[in-house]
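**Student:** got a sequence here, can you model it:
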Amino acid sequence: MRQPWTSTGLGLLLAGLLAGAGPAFAQGTGSGTGPAKAGLEALVGAWKRSDGNYIILIREAGRNGELTASYFNPNPLPFAKAQAVQEGGSVRAAFELQAGGYGGSTYALRYDPASDRLVGEYYQAVAKQTFDVVFSRQRTEGKLR
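**Tutor:** The predicted model follows:
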């Protein structure tokens, strides 16, 4: 039976992944404090789901809304689709998984700048169930919380 990763293990994984990712990742606060980033750039960073060791890593947000992103459960999986849109003051992101037995599972998330979190729904396609989810920005330096 595979043991879940500890916070320290996830921290080491993210530190290794982010080491070559560029300066955009150093801007995350990890605690929800400090100034919020504007627009789609607010999505760039590492996000950990509150109910487990699921990570969305967003490396880049393109002007057209395309996101360069990966998913970790804790093993890395590619997103089939990763897209964001800004409408007024609201930033929303949608992700679709096809790999690793996820077969069409999706995340529909909204960025909450007040708490620096992603909130929304996860549709688990295999079980045909929808769950409310919250992702918190993770620090990219040092130990994860």
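
**Student:** how about the residue lying closest to residue 58 once chain neighbours are set aside, phi and psi?
**Tutor:** In space, residue 58 comes closest to residue 69 once its chain neighbours are excluded; the distance is 4.5 Å by CB to CB, 6 or more residues apart in numbering. Quick note: C-beta positions are derived from backbone N, CA and C, even for glycine. Main-chain torsions, residue 69, degrees, to the nearest 10: phi -150, psi 160.

**Student:** now the helices for this protein?
**Tutor:** Assigned helices in the chain, in chain order: 7-18 (criterion: DSSP state H).

**Student:** ok, and for the top strand by length along it, which residues are buried?
**Tutor:** Longest strand of the chain, by residue count under DSSP state E: strand 76-87. Under the neighbour-count criterion of 16 or more other CB atoms under 10 Å, strand 76-87 has 79, 82-84, 86 buried.

**Student:** farthest-separated two in those?
**Tutor:** Largest separation among the buried residues of strand 76-87 by CB to CB: 79 and 86, giving 19.2 Å.

**Student:** before we move on, the earlier item: from residue 84, how far off is the residue nearest to residue 58?
**Tutor:** Separation of residue 69 from residue 84 (CB to CB, to the nearest Å): 9 Å.

**Student:** what of residue 90?
**Tutor:** 11 Å.

**Student:** likewise for residue 48?
**Tutor:** As defined by CB to CB, residue 48 lies at a distance of 19 Å from residue 84.

**Student:** contact partners for residue 118?
**Tutor:** Contact analysis of residue 118 by CB atoms under 8 Å, 6 or more residues apart in numbering lists 43, 47, 56, 93, 109-112, 134-135.

**Student:** could I get the pLDDT score of it?
**Tutor:** Looking at residue 118, its pLDDT reads 98.

**Student:** okay, and the beta partners of it?
**Tutor:** residue 111, residue 135 (DSSP bridges).

**Student:** before we move on, back to that, hmm, the residue nearest to residue 58 is touching residue 62, no?
**Tutor:** No - contact criterion CB atoms under 8 Å: residue 69 and residue 62 do not qualify, at 11.0 Å.

**Student:** who has more neighbours, these two?
**Tutor:** A direct count of neighbours by other CB atoms under 10 Å for residue 69 and residue 62 places residue 69 higher, at 22 against 11.
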